[in-house]
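Participant: Sequence and predicted structure are below.
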Amino acid sequence: MKLLVTGGAGYIGSHVVRIAEASGAEVTVVDDLSTGIVNRVSCPLEEIQLANDGAVSQLTQLMTETKFDAVIHLAAKKQVGESVEQPESYYKDNIGGLANLLTAMRATNTLKLVFSSSAATYGMPDVEAVNEDYPPNPINPYGQTKLVGEWLVKAAGVWGLRGVNLRYFNVAGTGHPGLGDTAALNLIPIAIGQVKSGKSPIVFGNDYPTPDGSCIRDYVHVQDLAAAHLRAVEYLDQPKRSFDTFNVGTGVGASVIEVLDELKKASGVDFEIEIGDRRPGDPPRLVADVSRIKNELGFECEKNLGEIVQSAWDAS
Ligand SMILES: NC(=O)c1ccc[n+]([C@@H]2O[C@H](COP(=O)([O-])OP(=O)(O)OC[C@H]3O[C@@H](n4cnc5c(N)ncnc54)[C@H](O)[C@@H]3O)[C@@H](O)[C@H]2O)c1
């Protein structure tokens with residue numbers, strides 16, 4: 001199988017590439033290296049900025065030279081705070097980049113696409129475990145670009161695109177040395193950085209309506225997530241598909257304080273925890289209902305929170 005992976009120099013994309021190569025696929029990466037790291041790329045790399053004017057012709061040429069069986073599209077900007085400051089740039093890159101990619105796919109009759117979406121499409125769901133039918137209501141431009149991206153993927157069905165949207169929950173951990181999350185925007189990499197520099201990790205709010213008062217999230221090991229992409233590509237081979245959007249999570253929530261307890265075990269450091277103010281826009285609980293992906297794709301995460309935190313610590 002020949003696969004095109006956009007964003008393959010990134011944290012998640014580089015894990016997707018490794019798992020695809022291990023399954024025997026021939027992989028090509030497209031990445032502009034804006035946040036990606038060239039040393040993560042273990043296959044041919046085409047340096048293309050997907051939202052630029054020339055991208056359609058560059059991609060069309062690439063997809064004409066190599067007939068790809070499927071495209072896995074991860075390339076995007078992903079910082080929620082930055083998206084609030086620079087909404088135009090997020091819409092241009094995340095939606096414009098996807099539109100250019102789809103234009104080239106249509107021109108070359110490349111018909112299968114797995115799209116990186118996000119639990120950010122849900123906004124602040126008020127349920128124990130959120131399923132894909134819950135009305136999406138993203139509360140920042142980043143989440144909006146993911147939802148509009150899903151709509152665009154669905155709309156492209158008109159010319160025969162077979163698309164699937166994977167809504168990732170909180171991705172963490174590392175599967176290979178050198179592929180760790182260096183962006184340090186999420187709890188686990190931030191807390192590891194603080195522990196390594198002798199500081200106390202901060203819990204933003206301990207007065208939420210949760211058992212220990214801190215926010216609850218669904219942490220997914222990046223290697224489990226990477227494996228879900230290959231299942232999604234297989235699913236696109238089915239002539240009849242009932243769904244185009246799937247949560248990727250464990251279905252199990254962990255609080256910030258529980259994550260930090262795991263970090264104490266992984267690091268062997270009995271650090272202090274600081275309690276800070278709540279951050280605006282943080283839902284108390286965001287946990288995936290994973291029944292659809294289990295039933296339709298036969299996919300379940302294998303790694304637990306302890307393994308996620310340990311792997312992130314070991315790679316740091
Ligand atoms: N990390 C998470 O917890 C998380 C959660 C939900 C969804 N996602 C989505 O998963 C995808 C990958 O995220 P990640 O954590 O690996 O981020 P990352 O920043 O490590 O990877 C993104 C990659 O895409 C490249 N890229 C960005 N914009 C591009 C463009 N316009 N043209 C070409 N290349 C471009 C970057 O250079 C980088 O290599 C993103 O779409 C992100 O929104 C991530």
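Facilitator: Received it, and whenever you're ready, just let me know what you need.

Participant: CA only for contacts and neighbour counts going forward, please
Facilitator: OK.

Participant: For the residue nearest in space to the middle of the chain, give me its contacts.
Facilitator: Here the mean C-alpha position of the chain is nearest to the C-alpha of Tyr168 (CA atoms, centre = their mean), at a distance of 4.9 Å. With contacts taken as CA atoms under 8 Å, 6 or more residues apart in numbering, Tyr168 has the following neighbours: 116-119, 225, 247-249.

Participant: among those, which are in strands?
Facilitator: Assigned to strands by DSSP state E, the following of the contacts of Tyr168 qualify: 116-118, 247-248.

Participant: re earlier: now that we have the contacts of Tyr168, which one has the most neighbours?
Facilitator: Val248 (32 neighbours; other CA atoms under 10 Å).

Participant: I'd say that one and Ala288 touch.
Facilitator: Yes - proximity of Val248 to Ala288 meets the contact threshold set by CA atoms under 8 Å, at 7.2 Å.

Participant: Report the set of residues contacting both of these two.
Facilitator: Taking CA under 8 Å, 6+ apart as the contact criterion, the residues that touch both Val248 and Ala288 are Phe169.

Participant: Close to the ligand: what parts of the stretch 1-150 of the chain are there?
Facilitator: If contact is defined as CA under 6 Å from any ligand atom, the residues of the stretch 1-150 of the chain in contact with the ligand are 7-13, 31-36, 48-51, 74-78, 93, 97, 116-118.

Participant: returning to that earlier point: pLDDT added to the ones in strands among the contacts of Tyr168, as a markdown table?
Facilitator: Supplementary listing: the ones in strands among the contacts of Tyr168 in a markdown table, determined by pLDDT from 0 to 100:
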| residue | pLDDT |
| --- | --- |
| Ser116 | 98 |
| Ser117 | 98 |
| Ser118 | 98 |
| Asn247 | 98 |
| Val248 | 98 |
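
Participant: ok, of these, which one's closest to the ligand?
Facilitator: Proximity of the ones in strands among the contacts of Tyr168 to the ligand (CA to the nearest ligand atom) peaks at Ser118, which lies at 4.1 Å.

Participant: Quickly note the distance from the closest one to Ile275.
Facilitator: Applying CA to CA, to the nearest Å, one obtains 28 Å for the distance of Ser118 from Ile275.

Participant: can you give me the strands in this structure?
Facilitator: Listed in chain order (using DSSP E), the strands of the chain are 2-6, 26-31, 45-47, 70-73, 112-118, 162-168, 170-172, 202-204, 216-217, 219-221, 245-248, 254-255, 274-276, 285-286.

Participant: pLDDT (mean, whole number) over the second one?
Facilitator: Right, strand 26-31. This predicted structure assigns strand 26-31 an average pLDDT of 98.

Participant: Need the contact partners of it.
Facilitator: With CA under 8 Å, 6+ apart as the test, strand 26-31 has contacts from 1-9, 17, 20-21, 41, 43-50, 75.

Participant: how about 10 Å then?
Facilitator: 1-10, 13-14, 16-18, 20-21, 37-38, 41-50, 59, 62, 66, 68, 71-76 (CA atoms under 10 Å, 6 or more residues apart in numbering).

Participant: How far off centre is it?
Facilitator: Between the centre of strand 26-31 and the centre of its host chain there is 17 Å, according to CA atoms, centre = their mean, to the nearest Å.

Participant: Measure how that strand sits relative to strand 2-6, angle-wise.
Facilitator: Put simply, strand 26-31 runs at 20 degrees to strand 2-6, going by axes from the mean of the first three to the mean of the last three CA atoms, to 10 degrees.

Participant: Break the protein into its domains for me.
Facilitator: Domain assignment for the chain by automatic domain parsing gives 2-171+219-248, 173-218+250-315.

Participant: how long is the longest one from one end to the other?
Facilitator: It refers to domain 2-171+219-248. Using CA to CA, the end-to-end distance of domain 2-171+219-248 comes out at 24 Å.
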